[in-house]
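> what's the 3D shape of this:
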Amino acid sequence: MDINLLILILWGIFIWVAGYSIGLLSNKNIKRKITWLLAILTTVGSIVLSTELKPLYRMLVIVSLQLVAMKPIVLVESYPQKPKLNFIQWSVFALGWFGMRPILFEKFRGESLNNTTYFFLKGFSRILVGVSLIFTANFISLEIFANLLRLIGLSFILHFGILNISTGAWRKMGVDVKELFIAPYQSKSLKEFWGKRWNMAFSEMTALIAYKPLKAKMGINIAMFVSFLMSGILHEIAISFPVSAGYGLPLLYFLIHGILMYLESKILWIKKLIEQPILSRLWVCFWLILPMPLLFHEKFIREVIMPLCNLVLMLLNLS
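As a prediction, the model looks like this:
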């Protein structure tokens, strides 16, 4: 095994174990400083030590370590004092769930909750849809539409497929987790899309560590822009660094959306537009899709999305 990859794996194990120990300290300010330091070291280390990996695997390594490194931060912010999780509960939260609410895992190994079958069926059906879209994309000659279909297909597999199956599995074990992607197509504004329907894991995290603390001190607008700035930076780490290209474009995508969300609450004609059931959905779709080449730039599509789609089809013997 590559020595750098081995170091990164050992570092991930260290964060998992140390993250729980840090939560047991009594001084909250010290806990905050240590967990943020670990997150920064994780980001820098994963970027520097993964340069020899292929872009797809580099992205998976960076994103996985980033996800684990954020868990100690939300653990510290979720409890006024010491966390009420034991080490097993902490471990399944840190390593087995994409969400950012550790408190839910206090019930791990409790009685099975309802709707587990619903989530399993929903998850498997969405994976089927996602695979179908990726397979169909190979027969579309217009590249921009083929790539859009691949992105939507991967989203169906991960966001609405695997994560719903994961939701059902944890509910089966007594953890009251909910869907992380809640019918985003029903969004009538970008505020609703980003705040209530798309990627609740990220919304939970930014609300906890950025939006709520800043809202009280600096107001809603600054808190919102900082949240989008943070989102842009994390997407830079996950998208631009693995392919060593497109720096600044994902950040620009999220800054545009931050500005648009601000305008939704300030410009009269936009306010009236998002009150209309059909026009409001068109407004959301337009601004999600039009600047999408900024978020998923050409090299990322070519070196990460395409290989990932090919891998999915190869595993299912559809290539």
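> now do the helices in the stretch 51-200 of the chain.
For the stretch 51-200 of the chain, helices defined by DSSP state H, counting those that start in this stretch occupy the ranges 55-78, 87-96, 116-137, 143-155, 163-172, 190-192, 200-206.
> tell me what the fifth one is packed against?
This points to helix 163-172. Packing partners of helix 163-172 (3 or more C-beta pairs under 8 Å, 6 or more residues apart in numbering; DSSP states H and E): helix 116-137. Using the backbone N, CA and C atoms, a C-beta is placed for each residue, glycine as well.
> same check, this time on the fourth one
In this structure, helix 143-155 makes packing contacts with helix 116-137, helix 306-315, judged by 3+ C-beta pairs under 8 Å, 6+ apart.
> neighbours of residue 173, just the number please.
17 (other C-beta atoms under 10 Å).
> er, residue 149 I mean
Burial of residue 149 is recorded as 20 neighbouring residues (other C-beta under 10 Å).
> again with the one 5 residues further on
Close neighbours of residue 154, defined as other C-beta under 10 Å, add up to 19.
> OK, contacts around it?
Taking C-beta atoms under 8 Å, 6 or more residues apart in numbering, we find residue 154 in contact with 130, 134, 305, 308, 309, 312.
> distance-wise, check it relative to residue 140.
According to C-beta to C-beta, to the nearest Å, residue 154 stands 16 Å off from residue 140.
> please apply the same query to residue 277.
Taking C-beta to C-beta as the measure, residue 277 falls 30 Å from residue 140.
> repeat for residue 113
Using C-beta to C-beta, residue 113 is found at 41 Å from residue 140.
> cool, and residue 248?
Distance, residue 248 to residue 140, using C-beta to C-beta: 30 Å.
> could you do residue 115 as well?
Distance from residue 115 to residue 140, by C-beta to C-beta: 36 Å.
> equivalent analysis for residue 255, please.
For residue 255, the distance to residue 140 - C-beta to C-beta - is 31 Å.
> ok, residue 232 next?
Counting by C-beta to C-beta - residue 232 and residue 140 are separated by 30 Å.
> just to revisit the earlier point, neighbour count: residue 255 and residue 140, which is higher?
It is residue 255, of residue 255 and residue 140, that has more neighbours when counted by other C-beta under 10 Å, with 17 against 14.
> element containing the more buried one?
Mapping residue 255 onto the secondary structure by DSSP states H and E places it in helix 249-264.
> buried stuff in that helix?
249-251, 253-258, 260-262, 264 (16 or more other C-beta atoms under 10 Å).
> what packs against the lowest-mean-pLDDT helix or strand in the chain?
Least confident element among the helices and strands of the chain, by mean pLDDT, DSSP states H and E: helix 212-218 (a mean of 82). Applying 3+ C-beta pairs under 8 Å, 6+ apart, one finds that helix 212-218 contacts helix 220-235.
> of the helices and strands packed on helix 143-155, which approaches residue 47 most closely?
Minimum separation from residue 47 across these (C-beta to C-beta) falls at helix 306-315, 19.6 Å.
> model confidence over the closest one, on average?
The predicted model gives helix 306-315 an average pLDDT of 96.
> buried set for it?
306, 308, 309, 310, 312, 313.
> got it, and stretch 233-252?
In stretch 233-252, counting by 16+ other C-beta under 10 Å, buried: 234-243, 245-246, 249-251.
> quick one: distance of that stretch to the chain centre.
Taking the mean of its C-alpha atoms, stretch 233-252 sits 14 Å from the chain's own mean (C-alpha atoms, centre = their mean, to the nearest Å).
> that stretch: end-to-end distance?
Stretch 233-252 stretches 10 Å from its first residue to its last (C-alpha to C-alpha, to the nearest Å).
> can you list the neighbours in contact with that stretch?
Residues from elsewhere that reach stretch 233-252, judged by C-beta under 8 Å, 6+ apart: 43, 47, 50, 55-56, 58-59, 62-63, 66, 202, 229, 232, 253-254, 291, 294-300, 303-304.
> how far away is residue 13 from residue 241?
Applying C-beta to C-beta, the value for residue 13 to residue 241 is 22 Å.
> cool, residue 36 as well?
According to C-beta to C-beta, residue 36 stands 19 Å off from residue 241.
> would you list the buried residues of helix 249-264 in CSV and tack on distance to residue 181?
Formatted as CSV, the buried residues of helix 249-264 follow (distance: C-beta to C-beta, whole Å):
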residue, distance to residue 181
249, 23
250, 19
251, 22
253, 18
254, 18
255, 23
256, 21
257, 17
258, 21
260, 20
261, 19
262, 24
264, 21
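> can I get the residues you listed in a markdown table including pLDDT and distance to residue 90?
Listed next are the buried residues of helix 249-264 as a markdown table, based on pLDDT from 0 to 100; distance: C-beta to C-beta, whole Å:
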| residue | pLDDT | distance to residue 90 |
| --- | --- | --- |
| 249 | 96 | 36 |
| 250 | 96 | 31 |
| 251 | 96 | 32 |
| 253 | 96 | 34 |
| 254 | 95 | 30 |
| 255 | 95 | 35 |
| 256 | 96 | 37 |
| 257 | 96 | 33 |
| 258 | 94 | 33 |
| 260 | 96 | 38 |
| 261 | 94 | 34 |
| 262 | 94 | 38 |
| 264 | 95 | 39 |
